[in-house]
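**Q** here is my input; please provide its structure:
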Amino acid sequence: MASSGINFLVPIISKTYCSSSQVVLWVRRRPHVPGGGGLVVMDCSQRVVFKVDGCGIIGKQGELITRDVQGEPILLIRQKGGIVQALSIHKQWKGYSYDYQGLQKLVFSIKEPNACFSRHNAIRISIEPKGSGGHGRDWDFEVKGYFPDRDCSILDPKGNVVAQVGVKEEIEKVMTSKDLYHVVVKPGMDQAFVFGVIAVLDYIHHESTTC
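**A** Predicted structure coming up:
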């Protein structure tokens, strides 16, 4: 894996979810059944770090909730809808954090290429408010690779890997369904943000978070 070069915290959701060292977390998909689905994120000691509820649990299509270890919601992710979105080159997702009063604040946007226009454009992520990155682009991170193969990365505008999805070879031999995979998060990167992006990837590829 390429070195990310990050030596500072990137608290997109909260600095609570940033670590000064590299972190390896494991993702287990919940059974995709009515009233179920979603993701469970664990550390190397199998302690739950995050949970992601998909529309099978929430009951709303195009909506995801990331929860902390206590089960409190920390991130709400919604897919924008309507005719304008259907005709747009990109489909959009909006991520909202919760403050201590439970109020929502827009923290990032994800542009998913509309398959009707192109299958090759990258998935790009903008931190809100736009332009705060100072790099002269209208996006701050992008996803490269193919998530269903559990082989993709989140990169910053300089091409540095900030998080990488993969499957250990010994697990891949016995679990062809990719129900268990790991995510390496580089130092300083907001882990809640990373798994918010992964939740969207899971949804758009019609996996466990969909109804």
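**Q** which one is Asp179 nearest to, not counting chain neighbours?
**A** The shortest distance from Asp179 to any non-neighbouring residue, by Cβ to Cβ, 6 or more residues apart in numbering, is to Arg29 (4.7 Å). To be clear about C-beta, it is placed using only N, CA and C from the backbone, and glycine gets the same treatment.
**Q** who's the one you found bridged to?
**A** Leu39 (DSSP bridges).
**Q** distance of Asp138 from Ile125?
**A** In this structure, Asp138 and Ile125 are 11 Å apart, going by Cβ to Cβ, to the nearest Å.
**Q** kindly report the same for Pro157.
**A** Distance of Pro157 to Ile125, computed by Cβ to Cβ: 11 Å.
**Q** which residues do those two both contact?
**A** Shared contacts of Pro157 and Ile125, defined by Cβ atoms under 8 Å, 6 or more residues apart in numbering, comprise Trp139, Asp140, Phe141, Glu142.
**Q** helices and strands of this protein: which one bottoms out on pLDDT?
**A** For the chain, using mean pLDDT, DSSP states H and E, the weakest element among its helices and strands is helix 83-87, scoring a mean of 47.
**Q** remind me what the strand or helix carrying Ile154 packs against, helices and strands.
**A** When elements are assigned from DSSP states H and E, Ile154 belongs to strand 151-155. When contacts are defined as 3 or more Cβ pairs under 8 Å, 6 or more residues apart in numbering; DSSP states H and E, strand 151-155 sits against strand 141-146, strand 161-166, helix 191-204.
**Q** of all those, which lies closest to Gln92?
**A** helix 191-204 (10.4 Å; Cβ to Cβ).
**Q** return the distance of the closest one from the chain's centre.
**A** 2 Å (Cα atoms, centre = their mean, to the nearest Å).
**Q** ok and that helix relative to strand 141-146, angle-wise?
**A** Between the axes of helix 191-204 and strand 141-146, defined by axes from the mean of the first three to the mean of the last three Cα atoms, to 10 degrees, the angle is 50 degrees.
**Q** keeping just the C-alphas, turn helix 191-204 into CSV.
**A** What follows is helix 191-204, C-alpha atoms only, in CSV (Å, rounded to 0.1, in the frame of the first residue of the first chain):
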residue,chain,number,x,y,z
GLN,A,191,-12.7,6.4,10.7
ALA,A,192,-16.4,7.4,11.0
PHE,A,193,-16.1,9.2,7.7
VAL,A,194,-14.4,6.2,6.1
PHE,A,195,-17.1,3.8,7.1
GLY,A,196,-19.8,6.3,6.0
VAL,A,197,-18.2,6.1,2.5
ILE,A,198,-18.0,2.3,2.7
ALA,A,199,-21.7,2.2,3.7
VAL,A,200,-22.6,4.1,0.5
LEU,A,201,-20.4,1.7,-1.6
ASP,A,202,-22.2,-1.2,0.0
TYR,A,203,-25.6,0.3,-0.9
ILE,A,204,-24.9,1.3,-4.5
